[in-house]
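Visitor: compute the structure for the input listed below.
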Amino acid sequence: MSDDAMSRRKLFRAGMVLTAMAPFAQEAQARTEEPNEMVVRTFFKSWEKKDWAPFDAILADDFTFTSPNGDDHISKAAYKTGCWDTQIDFVKRFDIELLMAKGDDVLVKYLCHTRNGKSFRNVEYHRLRDRRIVSIECYFGGKSTFASAVGSQ
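Guide: Residues are numbered from 1 along each chain as shown. Below you'll find the predicted structure:
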């Protein structure tokens, strides 16, 4: 069998695989991002840009934040002081690994990269109302994975 025949066979097989995958690709391409998904992506981009103004604009006035770090439904002002102000200098960027929305509920899993080259992973449940974040419940591992702990080493 010549190399040309082998190449045609490989191309034919590849074509069959691509044809079989076409409906999935079309479905993925046709799906548009939900508005609440875009709000949550903006939330994470605001961390990266280190700009409180757009961040503040997407948080509802009655926003609350909860985490295993002793944050039990803290207010937006307490969140800015206790979370944003203390962690913003450690955050470099986020890789959103999973983002799922169902109505006003958005679940996101991300990998946060810190400015010192370390990283940590969290899962957050965001509840929205009128395209603003009303509450966030953050779930993460032990204290050694907090942004400040990772950043200080």
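
Visitor: for the chain, which segments count as helices?
Guide: Applying DSSP state H to the chain gives helices spanning 3-30, 35-49, 52-58, 76-79, 85-87, 147-151.

Visitor: what about the last one, average pLDDT?
Guide: This points to helix 147-151. Mean pLDDT, helix 147-151: 52.

Visitor: what of the first one?
Guide: Helix 3-30 shows an average pLDDT of 52 in the prediction.

Visitor: cool, the third one as well?
Guide: Rounded to a whole number, the mean pLDDT of helix 52-58 is 92.

Visitor: mind exporting the C-alpha coordinates of that helix to CSV?
Guide: Output of helix 52-58 as CSV, limited to C-alpha atoms (Å, rounded to 0.1, in the frame of the first residue of the first chain):
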residue,chain,number,x,y,z
TRP,A,52,-13.7,48.2,42.8
ALA,A,53,-16.1,50.5,40.9
PRO,A,54,-17.5,47.9,38.3
PHE,A,55,-17.3,45.3,41.0
ASP,A,56,-19.4,47.4,43.3
ALA,A,57,-21.9,48.0,40.5
ILE,A,58,-22.7,44.4,40.0
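
Visitor: so for it, what gets flagged as buried?
Guide: For helix 52-58, burial by neighbour count (16 or more other CB atoms under 10 Å) applies to 55, 58. Every residue, glycine included, has its C-beta placed from N, CA and C.

Visitor: helices or strands next to it in the packing?
Guide: The contact analysis (3 or more CB pairs under 8 Å, 6 or more residues apart in numbering; DSSP states H and E) places helix 52-58 against helix 35-49.

Visitor: what's the helix it packs on in contact with?
Guide: 33, 52, 54-55, 58, 88, 91-94, 96, 99, 101, 103-104, 106, 108, 110, 126, 128, 131-133 (CB atoms under 8 Å, 6 or more residues apart in numbering).
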